[in-house]
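J.: build me a model:
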Amino acid sequence: MRAVIQRVKSCEVKVENKTVGKIDRGILIFLGIKKDDTEKEIDYLLNKILNLRIFEYENGKMNLSVKDIKGEILVVSEFTLYGDCRKGNRPNYIEAAPALYAEEIYNKFIEKLKISNLKIETGIFRAMMEIYIVNDGPVTLIIDTKN
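T.: As a prediction, the model looks like this:
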């Protein structure tokens, strides 16, 4: 699995001009699923994301997690995170999971994320989405379970 995490002041995802997910202070997760991802990758990624100390403490140092601040989380599926651009000008998505399998893993990720008791919002799997982001920092990190 591959995730791009952005610390946000607010974030909203729309499908066909209708808001389907909206959060205030917290994190936006763009989630890419690889063809061989399993629950092992889900568990690793969830633990890492929920405990990343990327929110500022009173002295301005990043020392708090999204759990610590009781932040909100928006998850958006993003198969293009597995786009391989090394050859030619058209990305190759051969490493991305097939849609049905990716959706199954994505839904398990969301289910397990909800156990955190934080506000969790999502986009719509396989939909064309518009994402409105007010970055905080900006702070953007990439986590890949294979590295």
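J.: how near is residue 6 to residue 126?
T.: Per C-beta to C-beta, to the nearest Å, residue 6 is found 22 Å from residue 126. To be clear about C-beta, it is placed using only N, CA and C from the backbone, and glycine gets the same treatment.
J.: once you drop chain neighbours, what's closest to the most centrally placed residue in the chain?
T.: The residue lying closest to the centre of the chain (C-alpha atoms, centre = their mean) is residue 29, at 1.8 Å. Nearest non-adjacent residue to residue 29, counting by C-beta to C-beta, 6 or more residues apart in numbering: residue 75, 4.7 Å away.
J.: got the contact list for the helix ranked longest in the chain?
T.: If you go by DSSP state H, the chain has its longest helix at helix 99-114. For helix 99-114, the surrounding residues in contact (C-beta atoms under 8 Å, 6 or more residues apart in numbering) are 1, 31, 33, 35, 37-39, 42-43, 45-46, 50, 73, 75, 77, 79, 96-97, 120, 122, 125-126.
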